[in-house]
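A.B. asks: take this sequence and fold it.
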Amino acid sequence: MLDDFLIRAMLAGLGVAVAAAPLGCFVVWRRMAYFGDATAHAAILGVALSLALSTSVFAGALAVALAMALTVSTLSGRGYAMDTLLGVLAHSALAFGLVAVSFLQGIRLDLDAYLFGDILAVSRTDLAVIWVGVALILALTIWRWSPLLTATLNPDLAYASGIDPKREQLVLTLGLAIVVAVAIKVVGALLIVALLIIPAASARPLARTPESMAVAAAVIGAVSSLAGLRLSFLFDTPSGPTIVCVSAVIFTSTNLVARVLRATA
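C.D. replies: Numbering: from 1, shown residues only. Here you go, the predicted structure:
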């Protein structure tokens, strides 16, 4: 079954959707969209370094994404404006990554595949790496769900309950780095944040509890992946951007429905 490239693409898309959904909810709740963007942009530098050192692309992207996330978390509490810091680091990391790629000799690199994703080229090894990453993210999220949620909703209450918000921020940072590393092959560095944010934002008007929002976000992400793959196959369009377009349509639809229901209530 896994010899069929479409089946592998579907499984990869489902894996990324399931992994990104719960973390995407925390990104939306904490208003950390630009933080995720900086982490994703840094992954290109990780790709270049891994190819230069002949190591795993997943390992390189994970290492640099995690380093970026930790750098932002460290510097943000030392007098730097968060939006300025993220803007500088995100675009600097992307630029250094693109320049580093240009120095690679004797290596054929489809840069578009890492910027916008190439889900149809996912191999069995890529699929195994993606689902190992998914398992790690789900285990981490389930283990730290309650402390993460408390630290997100009320840091003072978290301190009173013996929870360190900075530690939970580090846990979320690690999860985001893993998502970036597993998703770069599927939707690319420039679209990863869209897959994190849009399904969670689409689920928000439909949910009554944080847990239901995470589940709804996973379902929306899965539907977006499968529908986007189908549409890209039918209309011969890029798969990653098509998946994000379907997510955007679902976001618009759920928010319009929510507005209509509130207006008629």
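A.B. asks: distance between the ends of stretch 179-187?
C.D. replies: By C-alpha to C-alpha, to the nearest Å, the extent of stretch 179-187 from end to end equals 11 Å.
A.B. asks: tell me the buried residues in that stretch?
C.D. replies: 179-187 (16 or more other C-beta atoms under 10 Å). Using the backbone N, CA and C atoms, a C-beta is placed for each residue, glycine as well.
A.B. asks: output the below-cut-off pLDDT ranges for the stretch 1-150 of the chain.
C.D. replies: Counting by pLDDT under 70, the stretch 1-150 of the chain shows low-confidence ranges at 1-3, 76-82, 106-109.
A.B. asks: that one: helices as residue ranges?
C.D. replies: Assigned by DSSP state H, counting those that start in this stretch, the stretch 1-150 of the chain shows helices spanning 5-30, 33-52, 57-75, 82-102, 111-116, 124-153.
A.B. asks: tell me the buried residues in the last one?
C.D. replies: By neighbour count on 16+ other C-beta under 10 Å, the buried set for helix 124-153 is 126-127, 129-131, 133-134, 136-138, 140-141, 144, 147-152.
A.B. asks: give the contact list for Val134.
C.D. replies: In this structure, Val134 makes contact with 15-16, 18-19, 182, judged by C-beta atoms under 8 Å, 6 or more residues apart in numbering.
A.B. asks: got it, and Val122?
C.D. replies: Applying C-beta under 8 Å, 6+ apart, the residues near Val122 are 5, 8-9, 12, 130, 185-186.
A.B. asks: same check on Thr237?
C.D. replies: Thr237 sits in contact with Leu231, where contact means C-beta under 8 Å, 6+ apart.
A.B. asks: name the SS class of it, please.
C.D. replies: Using DSSP: H, G, I helix; E, B strand; the rest coil, the secondary structure recorded for Thr237 is coil.
A.B. asks: for it, what are phi and psi?
C.D. replies: According to degrees, to the nearest 10, the main-chain angles of Thr237 amount to phi -110, psi 160.
A.B. asks: thinking again about what came up before, mind putting the helices of the stretch 1-150 of the chain into a markdown table with distance to Pro241?
C.D. replies: Shown next, in a markdown table, are the helices of the stretch 1-150 of the chain (distance: least, C-beta to C-beta, whole Å):
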| stretch | distance to Pro241 |
| --- | --- |
| helix 5-30 | 13 |
| helix 33-52 | 15 |
| helix 57-75 | 20 |
| helix 82-102 | 18 |
| helix 111-116 | 6 |
| helix 124-153 | 19 |
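A.B. asks: for Ala200, see how far away Ala194 is.
C.D. replies: Here the criterion is C-beta to C-beta, to the nearest Å. By it, Ala194 lies 11 Å from Ala200.
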